[in-house]
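Trainee: return a 3D structure for these sequence lines:
(2 chains)
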Amino acid sequence: MSINHIKRRYQKDLTKLPKIFRNRVVKQNNMFTLPTFENKLPILPKEEYKTMTQTGYTEGDLVYITKGEHKGTISTIFRYSKEYDGLFLSDIIEKKIIPKDQWFDQQDSFLVDYPKLIPADSVKLAAKDKNDKGEDYYIVAEEVVFKGKYYDDRYKKWLPRRFVKHHEHIEVPWPNPPTEPKAGELSTEGETVFEKTWEFQSLSVPPFPSTIVNELRNPYSKHKARVLTELQARRLNKPTMPLSKEQQIYLAKKQQSETEQPTELTEEVQDFIGERIANHLNSITNPHLKAHLDALSKNTINH
Amino acid sequence: MRRFSTTTIAQARKLRFESLKDIKLRAPILPTHKNFDVSPDHPLWQFFPNGNESLAYRPASELDATSRSWTMSELRHKSFDDLHKLWYVNLKERNILAKEMWLLKSIEQVNMGQYDELDAKLVLNQKRIKQVLLERQTSYERVKTLDTEVKEYLEDFEQQYLNANEQELLEMNDKLVRLQYAIFGIQPTLSDIQEVNEDLVNGIGYVGRLKSQRYVTENPDCGLELPLKGIVEELPFLFKQPSEAVEEVLALREQQTPMLPKPEIFEYLTNVLEDLKASEIEQDQ
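Mentor: Have a look, this model is predicted:
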């Protein structure tokens, strides 16, 4: 376990606190900072950090401010802060006080221009274009939709194309990245990365030696469906109780009666039923009913 | 509590120096690193970025801040050997970083953000490598359950192979070589087969049945009675021409070779494969 993991256990993590306590802790933290440097936006938990494809804008894009003091201005994004879900814009600055012991070189005033953090929900994506006469005009997108993907060589990654929602003929291209992505000391060359060295070719050749499977999956995981041993199964299931003689006889009879299910009438039964019906008909004395039954017996039913 | 007895203490001889002038004192040894001779090949140098030429730790500005983690789609293209190597490259770099961070902690350096960030990228790499391997294992396990689909496909192929005319047969034979590997894991060159398993036995049975049936329908006078009896008769069809294989099978039947019992099949196949490999090596020499 690295020092990173150990260290994180003892760090105060604001995001693990319930929201109502977070503000109190932020207030406590801000107690000793200078009033102009305190954070007014809440810190987001790591799971809520947004990427450029989730926010719909990135550094270098134009945005239109919809709320607050600077409402109605259009400015370019200088930096997006994922921790606060806020934006630093290039033209929107405020004065901050810096104590003399923290002054940098050639500073001659307590007041310094500092970019202002603007919450992401008070900003809409804007774009600049030229009309037929060659005059500049701006458009502001209420919402952005993504369609399709292309490989952007400037960013060295696949990016979705973005369009203005409900006006999907208007594409807003991604801006140039502020700095070109450079290869670092630990980077691998592009050609080596894209070289394909594996393909699923055979159903009976395992992808790697079978001894590694237990290193990838926890064989003792409590979520894993395991087979119970006979002893465990016996402990979990109630035993079958011994039956008395009467019960055994009853159950045997019941089973026998269930198994004998005649499907067709035997001749004996047919004779028996015929006899009963004949006796009943012969016992009828009412002449009207007899006449009626005679008429009925002559009638053949044609379907 | 254990103590010395009073008698042993009384009997103990006191340490005495007869003449202090005779004792020669050497200069005191100062505790510096120059007194230790460390080999430049010492394995613990692996915990340093540039081996024995590196400093105790790199300043944060010298760390690689620009490179990013490997993505899942990039790792999915890589073979197990590549991923295995990459895992250890990551591990080594993480060990170097961990060593530097413990050192910085001991000298009470508070700001270790850049070291943390780089370590997080490497951890992400390792997690993704594990995930990619698990994906492959799950797909392999799922494919193993597709028995009916594989059986249907093999039956279809059998019909196509038996009904193919002579022009199509060449193409079908190529297809059969690919099918052998795709379904039964039989390599095109027999000496490449590493392991004898149930799939291999099933594959030899399938190929033997297919080729013998085709040959007998084309040459009804060859005198071979089907079906083939066991692995000993099926094996020649895998690596020989059908006509040669039929002759071998007829010779075996003349000698009245008994059918192999099931437990001996694996042993028989391993012996045959070893003989094949040995003969290939002899031919090369």
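
Trainee: any idea what residue A:80 is bridged to?
Mentor: residue A:87 (DSSP bridges).

Trainee: correct me, but it touches residue A:87?
Mentor: Yes - the pair residue A:80 / residue A:87 is scored as a contact, 5.6 Å apart, by CB atoms under 8 Å. (Each C-beta comes from the backbone N, C-alpha and C, glycine too.)

Trainee: overlap in contacts of the two?
Mentor: residue A:120 (CB atoms under 8 Å, 6 or more residues apart in numbering or on different chains).

Trainee: between these two, which one's more packed in?
Mentor: Using other CB atoms under 10 Å in any protein chain shown, the more surrounded residue of residue A:80 and residue A:87 is residue A:87, with 26 against 19.

Trainee: from chain B, how far off is that one?
Mentor: Remark: distance between residue A:87 and chain B (CB to the nearest CB, to the nearest Å) = 22 Å.

Trainee: pull the contacting residues for the residue in the stretch 51-200 of chain A positioned nearest to chain B.
Mentor: Of all residues in the stretch 51-200 of chain A, residue A:184 sits closest to chain B, at 3.5 Å by CB to the nearest CB. Counting by CB under 8 Å, 6+ apart, residue A:184 touches B:64, B:65, B:66, B:67.

Trainee: swap in 10 Å and give it another go.
Mentor: Residues near residue A:184 by CB atoms under 10 Å, 6 or more residues apart in numbering or on different chains: B:63, B:64, B:65, B:66, B:67, B:68, B:118.

Trainee: equivalent analysis for residue A:297, please.
Mentor: With the criterion set at CB under 10 Å, 6+ apart, residue A:297 makes contact with residue A:281.

Trainee: which residue ranges of the chain form helices?
Mentor: If you meant another chain, say so; for now it's chain A. A:3-10, A:19-30, A:52-55, A:190-194, A:213-216, A:230-236, A:245-259, A:267-282, A:287-298 (DSSP state H).

Trainee: I was thinking of chain B, sorry if that wasn't clear
Mentor: Using DSSP H, helices in chain B cover B:6-11, B:72-75, B:80-106, B:113-143, B:147-163, B:166-179, B:198-218, B:230-239, B:242-254, B:265-284.

Trainee: what about dumping the CA coordinates of the last one to PDB?
Mentor: Think helix B:265-284. Extracted in PDB, the C-alpha atoms of helix B:265-284 (Å, rounded to 0.1, in the frame of the first residue of the first chain):
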ATOM      1  CA  ILE B 265      -5.400 -41.200 -25.000                       C
ATOM      2  CA  PHE B 266      -3.700 -38.200 -23.500                       C
ATOM      3  CA  GLU B 267      -0.500 -40.100 -22.800                       C
ATOM      4  CA  TYR B 268      -0.500 -41.500 -26.400                       C
ATOM      5  CA  LEU B 269      -1.000 -38.000 -27.900                       C
ATOM      6  CA  THR B 270       1.800 -36.400 -25.800                       C
ATOM      7  CA  ASN B 271       4.200 -39.100 -26.900                       C
ATOM      8  CA  VAL B 272       3.300 -38.700 -30.500                       C
ATOM      9  CA  LEU B 273       3.700 -34.900 -30.300                       C
ATOM     10  CA  GLU B 274       7.100 -35.200 -28.600                       C
ATOM     11  CA  ASP B 275       8.300 -37.600 -31.300                       C
ATOM     12  CA  LEU B 276       7.100 -35.200 -34.000                       C
ATOM     13  CA  LYS B 277       9.000 -32.300 -32.300                       C
ATOM     14  CA  ALA B 278      12.200 -34.400 -31.900                       C
ATOM     15  CA  SER B 279      12.100 -35.500 -35.600                       C
ATOM     16  CA  GLU B 280      11.600 -31.800 -36.700                       C
ATOM     17  CA  ILE B 281      14.700 -30.800 -34.600                       C
ATOM     18  CA  GLU B 282      16.700 -33.600 -36.200                       C
ATOM     19  CA  GLN B 283      15.600 -32.500 -39.700                       C
ATOM     20  CA  ASP B 284      16.700 -28.900 -38.900                       C
END
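
Trainee: what comes into contact with that helix?
Mentor: B:189-198, B:200-201, B:204, B:230-232, B:235, B:239, B:260.

Trainee: and the residues you listed, which are buried?
Mentor: Burial by neighbour count, 16 or more other CB atoms under 10 Å in any protein chain shown: within the contacts of helix B:265-284 this picks out B:193, B:196, B:200, B:201, B:204, B:230, B:231, B:232, B:235, B:260.

Trainee: intersect the residues you listed with the contacts of chain A.
Mentor: residue B:200 (CB under 10 Å from any CB of the partner chain).

Trainee: show me which of the buried ones among the contacts of helix B:265-284 is closest to chain A.
Mentor: residue B:200 (8.2 Å).

Trainee: pretty sure that closest one sits against residue B:186.
Mentor: Yes - using CB atoms under 10 Å, residue B:200 is in contact with residue B:186, at 6.3 Å.

Trainee: please enumerate the shared neighbours of these two.
Mentor: What both residue B:200 and residue B:186 touch, as defined by CB under 10 Å, 6+ apart, is the set A:204, B:180, B:193, B:238.

Trainee: ok, the second one - contacts?
Mentor: So the one you mean is residue B:180. Residue B:180 neighbours (CB under 10 Å, 6+ apart): A:202, B:186, B:187, B:188, B:200, B:203, B:204, B:206, B:207, B:238.

Trainee: of those, just the buried ones, PyMOL syntax please.
Mentor: In PyMOL, this line selects whichever of these come out buried by 16+ other CB under 10 Å:
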select buried, (chain A and resi 202) or (chain B and resi 186+200+203+204+206+207+238)
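
Trainee: need the contacts of residue B:180 in JSON lines (columns: distance to residue A:212 and pLDDT).
Mentor: As requested, the contacts of residue B:180 are arranged in JSON lines below (distance: CB to CB, whole Å; pLDDT from 0 to 100):
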{"residue": "A:202", "distance to residue A:212": "18", "pLDDT": "91"}
{"residue": "B:186", "distance to residue A:212": "24", "pLDDT": "90"}
{"residue": "B:187", "distance to residue A:212": "22", "pLDDT": "87"}
{"residue": "B:188", "distance to residue A:212": "27", "pLDDT": "83"}
{"residue": "B:200", "distance to residue A:212": "22", "pLDDT": "90"}
{"residue": "B:203", "distance to residue A:212": "25", "pLDDT": "93"}
{"residue": "B:204", "distance to residue A:212": "29", "pLDDT": "91"}
{"residue": "B:206", "distance to residue A:212": "30", "pLDDT": "94"}
{"residue": "B:207", "distance to residue A:212": "31", "pLDDT": "93"}
{"residue": "B:238", "distance to residue A:212": "31", "pLDDT": "86"}
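
Trainee: residue 32: how many residues sit nearby?
Mentor: Let's take chain A. 6.

Trainee: that's the wrong chain, I wanted chain B
Mentor: 7.

Trainee: repeat that for the one 3 residues further on.
Mentor: Neighbour count of residue B:35, defined by other CB under 10 Å: 8.

Trainee: tell me, what's the model's pLDDT at the nearest residue to it once chain neighbours are set aside?
Mentor: Leaving out its chain neighbours, the residue that sits closest to residue B:35 by CB to CB, 6 or more residues apart in numbering or on different chains is residue B:29, at 6.6 Å. Note on residue B:29: pLDDT of 84.

Trainee: before we move on, what about the one 4 residues further on?
Mentor: Confidence per residue is given as pLDDT, and for residue B:33 that number is 79.

Trainee: just to revisit the earlier point, right, so the helices of chain A: which one is the most enclosed?
Mentor: Among the helices of chain A, the stretch with the highest mean neighbour count (mean count of other CB atoms under 10 Å in any protein chain shown) is helix A:52-55, at a mean of 15.

Trainee: elements contacting it?
Mentor: strand A:74-81, strand A:144-152, strand A:157-164 (3 or more CB pairs under 10 Å, 6 or more residues apart in numbering or on different chains; DSSP states H and E).

Trainee: may I see the ones you listed organised as TSV, with mean pLDDT and distance to residue B:156 added?
Mentor: Listed next are the helices and strands packed on helix A:52-55 as TSV, based on pLDDT from 0 to 100; distance: least, CB to CB, whole Å:
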stretch	mean pLDDT	distance to residue B:156
strand A:74-81	94	57
strand A:144-152	93	37
strand A:157-164	92	39
